[in-house]
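Participant: one predicted model, sequence on top.
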Amino acid sequence: MTEIGCLVLEDGSVFHGSALGAHGESIGEVVFNTAMTGYQEILTDPSYCKQMVTLTYPHIGNTGVNSEDEESEKVWAAGLIVRELSPLVSSYRSQGDLNSYMRDRNVVGIHDIDTRRLTRLLRDKGAQRGVILSGDALAAAGDDLVGYALGRIATFAGLAGLDLARVVSTQASYQWHEGTWENLKGFPTITDRRFNVVAYDFGVKRNILRLLAERGCDLTVVPAQTPAAEVLAMSPDGVFLSNGPGDPEPCTYAIEAVKAIIAAGVPVFGICLGHQILSLASGAKTMKMKTGHHGANHPVKHEAGERVFITSQNHGFAVDDSALPDVLTVTHRSLFDGTVQGVRRTDVKAFGFQGHPEASPGPHDIVTLFDQFIADMEAV
Ligand SMILES: NC(=O)CC[C@H](N)C(=O)O
């Protein structure tokens with residue numbers, strides 16, 4: 001039997017639908033993602049911690065779920081919001097269905113709601129805090145659904161000022177030598193290891209580590225709060241700064257560490273939160289965006305080459321264009337809103353990209369940024 005579910009936003013809007021996954025309550029920032037595929041990679045992307053993702057693509061779940069498409073060890077998204085859940089699963093890779101997958105992992109979601117109305121609202125008003133309620137948690141609202149829901153939403157102050165990188169980060173260092181997935185073969189172990197690379201885990205996605213390993217990086221993944229001295233003691237050829245959730249500004253431990261690593265002349269490459277932390281360590285400022293960028297179809301222009309790349313994106317903060325230090329050059333810009341998408345230091349070999357060159361899900365247009373990091377390490 002289908003159970004009802006409700007989504008209520010901080011502006012008081014109510015969406016009635018059906019419960020998806022676990023029944024209960026989930027609170028977070030509601031965003032929309034325009035990717036047509038990759039719901040499992042999206043759910044397991046640690047950068048979605050404390051966010052509930054609305055998928056604008058209307059028909060979700062038809063390829064099921066499988067153990068190879070996990071981008072981390074668990075689901076981090078606070079919830080999933082879907083128009084229509086596919087009643088059938090059909091893929092040779094499928095090992096289960098999305099509804100059971102979410103239920104088994106205690107992830108609350110909602111489907112059968114008008115995601116176009118919701119997306120237009122988010123586009124006009126900006127990302128909203130919200131709550132999904134179903135089962136006993138919905139019954140607890142009694143006759144005053146909106147009043148009750150607004151009270152629950154008020155317990156979450158939003159993402160601005162929130163340091164989540166150290167919350168999602170690994171607790172202990174580990175080595176990574178796995179390459180990217182190959183059809184019918186799975187994940188190869190990479191034995192060609194030419195570069196000693198330390199990767200800061202602020203919420204890293206596995207496909208990033210795989211693409212680095214495949215290019216000859218012998219990876220040591222370290223916790224978010226690892227001091228620079230510990231990293232430099234490993235004599236790395238390069239340091240990678242991962243993606244991650246929350247606001248980059250309160251990650252002062254990481255900003256300080258990156259300053260020291262740059263001062264030591266070690267090449268640095270940052271993706272998304274890592275790009276923001278590199279920028280902050282270089283004297284830039286970051287800001288919260290209205291809706292952020294979440295999708296797999298975002299055009300980004302390479303400033304010098306005049307080339308346009310279609311990219312994967314997932315961020316709600318951005319580097320502030322109006323306050324850039326002299327040591328940073330803007331290398332890429334979003335063609336949607338002109339925001340900064342890439343930076344490079346003018347004095348040392350360090351660069352960052354706001355989007356997701358590893359895709360997963362998304363187009364592979366800009367995967368060459370990983371080669372750029374290798375070239376930087378070779379040039380030092
Ligand atoms: N994917 C990411 O690394 C996201 C970075 C940061 N949490 C933001 O929302 O902007």
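Facilitator: Everything's here; your move.
Participant: count of neighbours near Arg123?
Facilitator: Neighbour count for Arg123, taken as other Cβ atoms under 10 Å: 12. C-beta here means a position set from N, CA and C on the backbone, and glycine is covered the same way.
Participant: do I have it right that it meets His294?
Facilitator: No - using Cβ atoms under 8 Å, Arg123 is not in contact with His294; the gap is 11.7 Å.
Participant: now the common contact residues for the two.
Facilitator: The contact sets of Arg123 and His294 overlap at Phe32 (Cβ atoms under 8 Å, 6 or more residues apart in numbering).
Participant: the ligand contacts on this structure?
Facilitator: Proximity of the chain to the ligand, by Cβ under 6 Å from any ligand atom, involves residues 47, 243-246, 272-273, 314-317.
Participant: show me the domain layout of the chain.
Facilitator: 4-153, 165-379 (automatic domain parsing).
Participant: with mean pLDDT added, can I get those in JSON lines?
Facilitator: What follows is the domains of the chain, written out as JSON lines (pLDDT from 0 to 100):
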{"stretch": "domain 4-153", "mean pLDDT": "98"}
{"stretch": "domain 165-379", "mean pLDDT": "97"}
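Participant: and the helices in the stretch 1-150 of the chain?
Facilitator: 39-43, 98-104, 115-125, 135-139, 145-153 (DSSP state H, counting those that start in this stretch).
Participant: repeat that for the stretch 151-300 of the chain.
Facilitator: So, for the stretch 151-300 of the chain - with DSSP H, counting those that start in this stretch - the helices run 165-168, 206-214, 228-232, 252-263, 273-281.
Participant: got a list of contacts for the shortest one?
Facilitator: Translated: helix 165-168. Applying Cβ under 8 Å, 6+ apart, the external contacts of helix 165-168 come out as 46, 49, 76, 202-203, 223-225, 244-246, 251, 253-254, 273.
Participant: hmm, 7 Å instead?
Facilitator: 46, 49, 76, 202-203, 224-225, 244-246, 251, 254, 273 (Cβ atoms under 7 Å, 6 or more residues apart in numbering).
Participant: and the residue nearest the centre of the chain?
Facilitator: Nearest to the geometric centre of the chain sits Ser47, at 3.3 Å (Cα atoms, centre = their mean).
Participant: ok, that residue - contacts?
Facilitator: 203, 243-245, 272-273, 314.
Participant: what of Gly38?
Facilitator: By Cβ under 7 Å, 6+ apart, the neighbours of Gly38 are 296, 360-361.
Participant: what about whichever residue of the stretch 101-250 of the chain sits closest to the ligand, neighbour count?
Facilitator: Relative to the ligand, the nearest point of the stretch 101-250 of the chain is Asn243 (3.1 Å; Cβ to the nearest ligand atom). Residue neighbour count, defined by other Cβ under 10 Å, stands at 28 for Asn243.
Participant: what's the local residue count around the closest residue to it other than its chain neighbours?
Facilitator: Nearest residue to Asn243, sequence neighbours excluded (Cβ to Cβ, 6 or more residues apart in numbering): Cys272, at 3.8 Å. Here the number of neighbours of Cys272 (other Cβ under 10 Å) works out to 31.
Participant: returning to what we had before: most surrounded residue in the contacts of Gly38?
Facilitator: Busiest of these [other Cβ under 10 Å] is Ala296, holding 25 neighbours.
Participant: ok, so what distance separates Glu84 from Gly158?
Facilitator: Note on Glu84: its distance to Gly158, by Cβ to Cβ, to the nearest Å, is 30 Å.
Participant: looking at this structure, which residue lies furthest from center?
Facilitator: Max distance from the centre of the chain (Cα atoms, centre = their mean): Asp143, 37.0 Å.
Participant: who's in contact with that one?
Facilitator: Asp143 neighbours (Cβ under 7 Å, 6+ apart): none.
Participant: what about the longest strand in this protein?
Facilitator: Criterion DSSP state E: the longest strand present in the chain is strand 286-302.
Participant: angle of that strand against helix 115-125?
Facilitator: Between the axes of strand 286-302 and helix 115-125, defined by axes from the mean of the first three to the mean of the last three Cα atoms, to 10 degrees, the angle is 110 degrees.
Participant: picking that back up, which one of the helices of the stretch 151-300 of the chain is the most hemmed in?
Facilitator: Ranked by mean neighbour count, the helices of the stretch 151-300 of the chain are led by helix 273-281 with a mean of 28 (mean count of other Cβ atoms under 10 Å).
Participant: could you tell me the angle between that one and helix 206-214?
Facilitator: Counting by the same axes, to 10 degrees, helix 273-281 lies at 80 degrees to helix 206-214.
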